[in-house]
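> Any chance you could fold what I've pasted below:
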Amino acid sequence: MKKAEQAIVDFYIYPPIGGDDWRHTFQTARIRAIEMQLLTKTALLDLANAETFEAAADLLSATEYALPQGAASLAEVEKILLLRRSAVRELFGLLCLDKSIVKLFKTRDDFANLRLAIRRTLTVKPVGTDYSSDGNVPTEMFQSAFEKDNLDIFPYYLQAAAENAVLAYYQNKDVRSIDYEIDAAQAQYNLDEACRLENIFLIGLFRIHTDLTNIRTMFRLKFSQSEQRNAFLQGGFVELERLTKALDLGYETVGQLFFVTPYYQVVEAGTAYLSSDKSFLKLEQQCDEFLTGFLKTTIQITTGPQPIIAYLLMKENEIRKIRLILTAKKNSLTPKLILDRIL
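Numbering: from 1, shown residues only. Next comes the predicted model:
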C-alpha cells in the first residue's frame, strides 16, 4: 500500500501513467483508430447552440447516436445512449487483456446497483430506474439479498459496504449516509485493487477521482453551511486537513489554499462561478476537464491497457454530455447554461 500512501505531490499536474505493455499492440492500434471518432468540442458546441431539441437531435443523424426516423424523444435518446454505452463496455472487455482490470471496472455497476437496492429497501428516495446488467453480480441478487436479509451472498467488496450503509442510515435516517458509505467503500476497493495489480496508471486515476469527489463535497458543504467535517474520502493526493480547513475560509481565499495542488484551476473556476451564479455547473465542468486531461496523457503510451481504459472513460463521458445537452434542450435551458457545464 506504499503507493497509495505517498505524500502530495511529486508531479506538476498529472501523476505518472506507467510504461508500455507490448501484449496490447493490436488492441492499442485499434483504439487509436476509433478514438478519432470521438465528438469534437466544435460538435458539442453546435449541439448546445441548436435552437431546439429536434434540431440538436438532427445534428446527431450522421453519428452513431442517430435517432430512428421520426423518433425524436428523450426516451429514444436514452435507449440509443444505453446501447452505445453497452457497446463501448463490451469493446473494453474484449480489448483489455488483463481481465482483473475488466472486472474492476465492472464493479462500478455493482456498487451502483447496491446503492439502488439499499435505497429501495430503506427509503422512499431511490436513485435511477433499474439495475444495470453490466456489473459482475447478477441483478436479481440485489433484490434477493435484501428481501431475504442475507447480505452474505454478495462478494466481499459489497458485503461490508452494504452493512455499513444500512447501519449508517439507521443511526440518523439520513439518505446521504448511504451514499457516503458506498462511495467510501468503492474508493478504497478501487485503490486497493490498483495497488494489488501494481498498476501505476490506475493508482493515479483512482486517487484523482477521490480528490475530485472530495473537492465537490467541500464546495457543497460550504454552500450549505454544513457543520459536517467527516464526509471526505480517504486515499486522494490532497490531505484531508486541507479540505477541512477550506470549509472555514471565505470563498475569496479558498483558491489560494489549493495553489500548491494540481487542482488550483478547478477550485478557482468553481469558486468564481459559485459566487456569481450560485451554481456548481462550472465546478462539474472543471472536474470533468481535469480528469479528461489526465486520460489524454495516455497518448504518450505506444501500447498498453492505459489507452484502452482512457477510451472507455472518455467515451462514457461523451455519452453523458450528449444526454445532458439533449435533456437541457428538451427543457428549454439556454445555450449559456449548457456550455458552462460542458465546455
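
> For the rest of this, base every contact and every neighbour count on C-alpha atoms.
Will do.

> Point to the helix or strand of the chain where mean pLDDT is at its lowest.
The least trusted helix or strand in the chain, going by mean pLDDT, DSSP states H and E, turns out to be helix 139-147, with a mean of 89.

> For that helix, which helices and strands make contact with it?
In terms of contacts (3 or more CA pairs under 8 Å, 6 or more residues apart in numbering; DSSP states H and E), helix 139-147 is packed against helix 99-122.

> what helix or strand is the residue nearest to Gly255 when sequence neighbours are not counted on?
Leaving aside its chain neighbours, Gly255 sits nearest to Glu268 (5.0 Å; criterion: CA to CA, 6 or more residues apart in numbering). Using DSSP states H and E, the element containing Glu268 is helix 264-277.

> Name the residues that touch that helix?
By CA atoms under 8 Å, 6 or more residues apart in numbering, the residues outside helix 264-277 that reach it are 215, 251-252, 254-256, 258, 279-284, 286-287, 290.

> Swap in 7 Å and give it another go.
Tyr251, Gly255, Phe258, Ser279, Phe280, Lys282, Leu283, Gln286, Cys287 (CA atoms under 7 Å, 6 or more residues apart in numbering).

> out of these, which are buried?
Among these, those classed as buried by 16 or more other CA atoms under 10 Å are Tyr251, Gly255, Phe258, Phe280, Lys282, Leu283, Gln286, Cys287.

> Which ones among the residues you listed map onto helices?
Tyr251, Gly255, Lys282, Leu283, Gln286, Cys287 (DSSP state H).

> tell me which of those is nearest to Lys79?
Taking CA to CA as the measure, Lys79 lies nearest Cys287 of those, at 26.8 Å.

> ok, the contacts of helix 264-277 vs Gln300, which is closest?
Cys287 (22.1 Å).

> before we move on, the earlier item: mind listing what's buried along the least confident helix or strand of the chain?
Result for helix 139-147 [16+ other CA under 10 Å]: buried residues Thr139, Met141, Phe142, Gln143, Phe146.

> That helix to helix 99-122, inter-axis angle?
40 degrees (axes from the mean of the first three to the mean of the last three CA atoms, to 10 degrees).

> Pull up the gap between the nearest residue to Leu114 once chain neighbours are set aside and Leu116, please.
Among residues not flanking Leu114 along the chain, Phe142 sits closest, at 6.6 Å (CA to CA, 6+ apart). Noted for Phe142: a distance of 9 Å to Leu116, by CA to CA, to the nearest Å.
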